[in-house]
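1. what follows is a predicted protein model with its sequence.
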Amino acid sequence: MCGKFVTKLDNIDNEQINKDVLARKSMKLDDTPGNTFQEDSYYPETEACTKLLKEVDKVIQKNVNTRFKTYNQWAHILEPNESTMIHTHDSPGMPPHISWVYYSKTEKNCGNIFGKQQYIISLYPWKRIHQ
């Protein structure tokens, strides 16, 4: 599986999502220094955040895979001059899956974000490469 799908979502309350996510900014997936999950926060189960997940699932089910369901989510908040390294969400021993990212807020000249638009989802299929 290869390629990507990018679309814009309408009727999403990005301001509320941003407030909800920032309220949990300090609730990290892991507090162990150096652990990759130390930079990720728990994704809120608020009305606005839950609606986003449902809308993303609908778009993916309609355009990519009818059986898709988001099963894991988190918030990744970057401050000015911070970045995320190129990485994979590959899980050895697990079947290939789809990863997606939603940018609820970006600033002008924010960096090398695919599309450089607000309110988009980008889907990236990951397949384990056997060496």
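-> Arrived safely, thanks for sending. Numbers count the residues shown, from 1 in each chain.

2. burial of the closest residue to Gln73 other than its chain neighbours, as a residue count?
-> On the basis of CB to CB, 6 or more residues apart in numbering, the spatially nearest residue to Gln73 that is not a chain neighbour turns out to be Tyr43, at 4.4 Å. Every C-beta, even on glycine, is put in place using the N, C-alpha and C of the backbone. Burial of Tyr43, expressed as a neighbour count using other CB atoms under 10 Å, amounts to 22.

3. how near is Tyr43 to Lys62?
-> Counting by CB to CB, to the nearest Å, the separation of Tyr43 from Lys62 is 23 Å.

4. do Thr7 as well
-> According to CB to CB, Thr7 and Lys62 sit 10 Å apart.

5. so Phe68 makes contact with Ile60?
-> Yes. Judged on CB atoms under 8 Å, Phe68 makes contact with Ile60 at a distance of 4.4 Å.

6. what do those two both touch?
-> Ile98 (CB atoms under 8 Å, 6 or more residues apart in numbering).

7. now Leu53: which helix or strand?
-> In this assignment (DSSP states H and E), Leu53 forms part of helix 47-63.

8. can you spell out which helices and strands pack onto the helix or strand following that helix?
-> Under the assignment DSSP H and E, the closest C-terminal helix or strand after helix 47-63 is strand 74-76. Contact analysis of strand 74-76 by 3 or more CB pairs under 8 Å, 6 or more residues apart in numbering; DSSP states H and E lists strand 40-42 as its packing neighbours.

9. would you mark the buried spots in the strand it packs on?
-> Neighbour counts using 16 or more other CB atoms under 10 Å place 40-41 of strand 40-42 among the buried residues.

10. what mean pLDDT does that strand get?
-> Confidence over strand 40-42, taken as the mean pLDDT, stands at 92.

11. which of Thr7 and Lys62 has more neighbours?
-> When Thr7 is set against Lys62 and neighbours are counted by other CB under 10 Å, the residue ahead is Thr7, at 15 against 11.

12. what are the phi and psi values at Cys7?
-> Let me fix one detail, which is that residue 7 is Thr and not Cys. phi -150, psi 170 (degrees, to the nearest 10).

13. surely Thr70 and Lys58 touch.
-> No. In this structure, Thr70 is not within contact of Lys58 by CB under 8 Å, at 10.8 Å.
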